[in-house]
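Asker: Below is the structure, and that's it, no one-letter string:
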């Protein structure tokens, strides 16, 4: 799977997803819980706005000096015996990992959840090499067992599945015989995966934040799977998006606290691990070989543009958890591993407008995402910016918008036409009107009225009302 | 080995309107420092109280004891978690806190104890994986989040806190700091002084858990399914 998760059109995806009532209920419930937890955690910490501002300035500073910090990171990791590979493209990153796999003759590869490896499609590449690639995050494991169902949320990837569906997957693939109780399902996964952990040749993780001053890689999980993946196999590979870096442990602490509170409302998650190179000569567990792959894959093209602030993202999903559009259409509609407001900004930048030009329009521009973002990315402004670029620079506004604008331009430019149009509106819409509302609108109104009613045009036009009102006043 | 760096970073630099990769350390001039006023001026007892409250939220048993009673308390806690086999670090602190006698007593009661032994190599992992309880000291303890910070090292295998079914952390009261801020400052100071930091620094907050199935919290996924902290009055 690469960043793009299907070939369907955005609209068809939305129509399909809107019919999935379990998914829509699950998403609404999860949004509610995660949003509440985040707000509680923020209130308990106190000075939340100040923490956000500090998070923002750390991210901005790091991006503005990214060349320096990546240089420092690689030097320090090399001093500790680690290998660093800078990959300009997904292919370069995948080829490097493939090279290690061949050299080690690795058969079994364990992974901890990582969005960037999904983005570059690493699993497919390794499977083509004949490797057994096993995802160890419980949510990702479930999706992988279910014929590689794509993730629908960047923190809880299997959010769209209910426990009965998960039980069915386990029964079919893992000879599972118990009930759909989450505890029993999780215990079964623990036992199955424990066997895998002990046999793995290579462990692959992502990187929440690399720490430049020490050459470390920081990992944040609740399940302890990243610990397993980095403790047991003899070779470890971390893959990081090039912007996921902080200057020192002090900034690491600030951003981890913002991440865990914003993502799941916890002060810290159960496992936060800072890894610095391979195990030392005195140690016996941990990898003997440590590789860090730093991935560009389109990110540098965002630096120095009006979209640079999107690279501040720490992948907490707070924006996703408050988005009214995500709530209705779910994660799969976005056709990208990055859904929600952050996905609608980031995906077209990394994947291009050809495939993803609808995404910046999948927003009401309500600004809830911007308010929720712990590092103050102006998400809804960036969505608006995308629309401007699509219309002005790319000259490809959606056809309905082009037609509507053309019609409005024509109608509004001529007094007679405007008067005739507004006079006609009520009678034209009459066949669709019942009790002053339109429930099944024609043409461009259809998409709106499928979700909610549209008020019928007023029988009395404002112009007529004003004329009458003016006359009455003069008469008085 | 570092590969492909020059071309990669030159491109990054040019995107940031620089002709070459900058080599001078950027000045970090923060306008905001909320961490300087969060949970400061707390007495050690207040910190224990914050830790106690937090442990309720993270499904972790908190037991407070004196150095004198530690041996009994640990024996009881181990018994309540279903006894051995046990896995422990090779760490002088067990002796300093008077636990050597207990470590020798357990095997006579049929409770196996594996003390991390670098000379056994990777067998340590296989033995630890079969252990019922892993027991380690905490190097730094964070009151706010209920976190024990463990530095890996020669006798201090990463596996001991991760692979056994349950986990007990021994927390000398002097290791308790307000929050992750102070731990980060300590580690950063080590780096600045040119000292090598541990290859693996683990911040562990209670037992492992997941909410990946219908947002239901399940305690105990890949790491330990139960955890206890024993806070030791050591002054």
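Answerer: On my side now, so go ahead. Worth saying up front: this structure is predicted, and the values here are computed from it rather than measured.

Asker: Buried residues, stretch B:186-206. List them.
Answerer: B:187-188, B:190-191, B:197-206 (16 or more other CB atoms under 10 Å in any protein chain shown). The C-beta positions use only the backbone N, C-alpha and C, and glycine is treated the same way.

Asker: And for stretch A:349-364?
Answerer: A:349-351, A:353, A:355-363.

Asker: ok, is it in contact with chain B or not?
Answerer: No. Judged by CB under 8 Å from any CB of the partner chain, stretch A:349-364 stays clear of chain B, getting no closer than 13.3 Å.

Asker: And for that stretch, what's in contact with it?
Answerer: A:3-4, A:10-11, A:119, A:297-299, A:301-302, A:307, A:310, A:323-325, A:329, A:333-336, A:341, A:343-345, A:347-348, A:380, A:383-384, A:386-387, A:390, A:394, A:396, A:398 (CB atoms under 8 Å, 6 or more residues apart in numbering or on different chains).

Asker: so what pLDDT did the closest residue to residue B:233 other than its chain neighbours get?
Answerer: Closest residue in space to residue B:233, ignoring its immediate chain neighbours: residue B:66 at 4.7 Å, by CB to CB, 6 or more residues apart in numbering or on different chains. As predicted, residue B:66 sits at a pLDDT of 96.

Asker: how close does residue B:66 get to residue B:55?
Answerer: 19 Å (CB to CB, to the nearest Å).

Asker: With neighbour numbers in mind, choose between the two.
Answerer: The residue with more neighbours, out of residue B:66 and residue B:55, is residue B:55; 20 against 11, by other CB atoms under 10 Å in any protein chain shown.

Asker: give the contact list for that one.
Answerer: B:61-62, B:146, B:206, B:229 are the contacts of residue B:55 under CB under 8 Å, 6+ apart.

Asker: show me the residues around the residue of the stretch 301-450 of chain A found nearest chain B that make contact.
Answerer: Taking CB to the nearest CB as the measure, the point where the stretch 301-450 of chain A comes nearest chain B is residue A:303, at 4.0 Å. By CB under 8 Å, 6+ apart, residue A:303 lies in contact with A:63, A:66, A:311, B:12, B:15-16.

Asker: in chain B, which spans are helices?
Answerer: B:5-15, B:44-57, B:70-80, B:92-96, B:100-108, B:123-129, B:180-192 (DSSP state H).

Asker: Can you lay out those as CSV showing mean pLDDT and distance to residue A:371?
Answerer: Below are those laid out as CSV (pLDDT from 0 to 100; distance: least, CB to CB, whole Å):
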stretch, mean pLDDT, distance to residue A:371
helix B:5-15, 98, 29
helix B:44-57, 96, 26
helix B:70-80, 97, 45
helix B:92-96, 96, 47
helix B:100-108, 96, 54
helix B:123-129, 95, 46
helix B:180-192, 98, 25
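
Asker: Kindly reformat those helices as TSV containing distance to residue B:234.
Answerer: Formatted as TSV, the helices of chain B follow (distance: least, CB to CB, whole Å):
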stretch	distance to residue B:234
helix B:5-15	48
helix B:44-57	10
helix B:70-80	9
helix B:92-96	9
helix B:100-108	16
helix B:123-129	27
helix B:180-192	18
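
Asker: quick one, which of the ones you listed is nearest to residue A:50?
Answerer: Smallest distance to residue A:50 across the helices of chain B (CB to CB): 13.9 Å, for helix B:180-192.

Asker: And that closest one, what does it pack against?
Answerer: helix A:249-264, strand B:140-142, strand B:200-204 (3 or more CB pairs under 8 Å, 6 or more residues apart in numbering or on different chains; DSSP states H and E).
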